[in-house]
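Asker: Kindly generate the corresponding structure for this input.
(one chain, ligands or ions: 1)
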Amino acid sequence: MSSELENLTTSIDEVAQFFDVTVTDTPLPVDEREALKAKPKFGTVFSDHMARMTWREDEGWDGRRVEKYGPIALDPAAAVFHYGQEIFEGLKAYRHADGSVWSFRPEENAKRYIRSARRLALPELSVGDFLGSVAALVRADVEWIPTGEEAALYLRPFMIATEAFLGVRPAREVEHLVIASPVGPYFSGGVHPVNIWISQDYARASRGGTGEAKCGGNYAASLLPQITAAKDGFDQVCFLDGQVDPAIEELGGMNVFFVKHNGDVVTPALSGSILHGVTRSSILQLIKERNVNVSEEHISLASLKAMLESGEIAEAFACGTAAVITPIGRLADHDFDVTINGGEPGKFTMDVREELTDIQNGRRPDRHGWLTRLA
Ligand code: COI
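Answerer: The predicted model follows:
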C-alpha cells in the first residue's frame, strides 16, 4: 500500500484513479439493461464490470483494476472453499434528481471491512482502496443505477482467501472484489410488515465468535433456521445470544428496534456478537435528534415477551442496508405469537424510514455529512 493512497481517503477522485479500467467490449445491450433495471429483484442481476485487487503476503495489495464482470477461476484447494476465510460488505449507490451519484456513509463500511478482516485473519484493505474500488466500479457502470422509489445500485465488496493450501492457517493470497446489482426493495412485494420467528433452537453467533464480523459463515448459520421458519410462514428469524437467560440479538442480516407506547425506543446493545449496522447507528442518531428517549439495552427474551404481551410495544422494525427500515408485523416463538400494530406499518417506523431514505436519495439536506459523491 502506498502511503500516498493511505492519505487520500477523503478524495474519491484521487482514490478511484488508481484503478485501471478495462471496459468490456461485450456490455449488455442497452434495451436489455434498461429492462432489467426497470424491475430489479434484489441481488439477481449484475452490472457489466467488477472491481478487483490482489494481495500477496510478500507484496501487499496490488493490481487495482476494473474488468468485465464474470466467473473467477480459483483452485479447488483455495482456502475460502474449505475454511470459509471470507468477509463482505453491503452499500448502495443512489442516483439523485440532478443525475449525481452518491453513497451513504461508505467510510463506515470501509472501517467495518477492516474490523471484519482482522477477525477473519485476512489482510486489511485501506479505507482509500475500499472507496476507490467502489467508486471506480460505480463510474464504469454508472448506467446501471436504477431510478425510482426504493431503487439503487447495491454494491457488494467481498474478500476471499484464494491460496491453494489445505493447512489451517491464514491464506497468503487473497482477492478483494466489488460487484454491483441494481436493486429494489429487499423483500418481494415492496415495503410491507414482515413476520419474525424468534429462534430458541439455533444461534447464529456467540460471545467471542464472529457475530460482529460481516462474514459468510454467520449468514450460512442463519439459513437452516430461516428455511425452517419460512415453512411456517415467517419471513425472517430473530436470533438470541445463546445464554441461559437469552437476550435478543439481531435478524441475521438486519438489526432490530422496538418502539414503545410511551414513545421510548430500544434496540439490542452491541454485545460483541451483533453486527455494527451502519443503518442502525444512523437511525439511532436520527431518533435522538427527535428528542425521543432511545436506548441500546440488553433485552432479554423474557422481558420482550412481557412487553409484547402487555401491549407495551407499539411498533417494531428491522433495519439494514438492503432492508433499509422494514416494519415488523408479527413476532412469535414456541410460547407466544403477537401481532404488532395490527400487522400494519407503524407511523414512527415509517416517519424515520422516510427521513433516512430522503437523506440517502438527496430529497432532504444531508445535515450530518453522511453522503459521499461517487460520480
Ligand atoms: C445488507 O443489508 O447489505 C446485507 O448485507 C444483509 C443481507 C440480508 C443482504
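Asker: who touches the nearest residue to residue 68 once chain neighbours are set aside in this structure?
Answerer: Nearest non-adjacent residue to residue 68, counting by Cβ to Cβ, 6 or more residues apart in numbering: residue 24, 3.9 Å away. C-beta: built from backbone N, CA, C; applies to glycine. If you count contacts by Cβ atoms under 8 Å, 6 or more residues apart in numbering, residue 24 has them with 48-49, 67-69.
Asker: What are the neighbouring residues in contact with the residue of the stretch 201-350 of the chain found nearest the ligand?
Answerer: Nearest to the ligand in the stretch 201-350 of the chain, going by Cβ to the nearest ligand atom, is residue 253, at a distance of 2.6 Å. Residues in contact with residue 253 (Cβ under 8 Å, 6+ apart) are 219, 222, 236, 320, 322-323.
Asker: let's go with 7 Å and repeat that
Answerer: Shown in contact with residue 253 (Cβ atoms under 7 Å, 6 or more residues apart in numbering): 219, 320, 322.
Asker: and the host helix or strand of the first one, average pLDDT?
Answerer: In this structure, residue 219 is located in helix 216-221 according to DSSP states H and E. Helix 216-221 shows a mean pLDDT of 96.
Asker: Any chance you could list what contacts the helix or strand that that helix is followed by?
Answerer: As assigned by DSSP H and E, the chain's next helix or strand after helix 216-221 is helix 223-231. The contact list for helix 223-231, computed with Cβ under 7 Å, 6+ apart, reads 197, 199, 202, 237.
Asker: Tell me where this structure has helices.
Answerer: In the chain, the helices defined using DSSP state H lie at 3-6, 12-16, 30-38, 79-83, 106-119, 127-140, 216-221, 223-231, 278-288, 301-309, 347-360.
Asker: angle of the last one against helix 278-288?
Answerer: Taking axes from the mean of the first three to the mean of the last three Cα atoms, to 10 degrees, helix 347-360 and helix 278-288 form an angle of 110 degrees between their directions.
Asker: Around whichever residue of the stretch 1-150 of the chain sits closest to the ligand, how many other residues sit close by?
Answerer: Closest contact between the stretch 1-150 of the chain and the ligand, by Cβ to the nearest ligand atom, is at residue 90 (2.3 Å). A count of nearby residues for residue 90, using other Cβ atoms under 10 Å, gives 18.
Asker: Quick one: name the residues of the stretch 1-150 of the chain near the ligand.
Answerer: Proximity of the stretch 1-150 of the chain to the ligand (Cβ under 6 Å from any ligand atom) is limited to residues residue 90.
Asker: low-scoring stretches of the stretch 1-150 of the chain, by residue?
Answerer: Counting by pLDDT under 70, the low-confidence segments of the stretch 1-150 of the chain come to 1-10.
Asker: Kindly report the residues of the stretch 201-350 of the chain close to the ligand.
Answerer: Within the stretch 201-350 of the chain, the positions near the ligand by Cβ under 6 Å from any ligand atom are 253, 320-322.
Asker: let's see it at 8 Å
Answerer: Contact residues (Cβ under 8 Å from any ligand atom) of the stretch 201-350 of the chain with the ligand: 214, 219, 252-254, 277, 279, 320-323.
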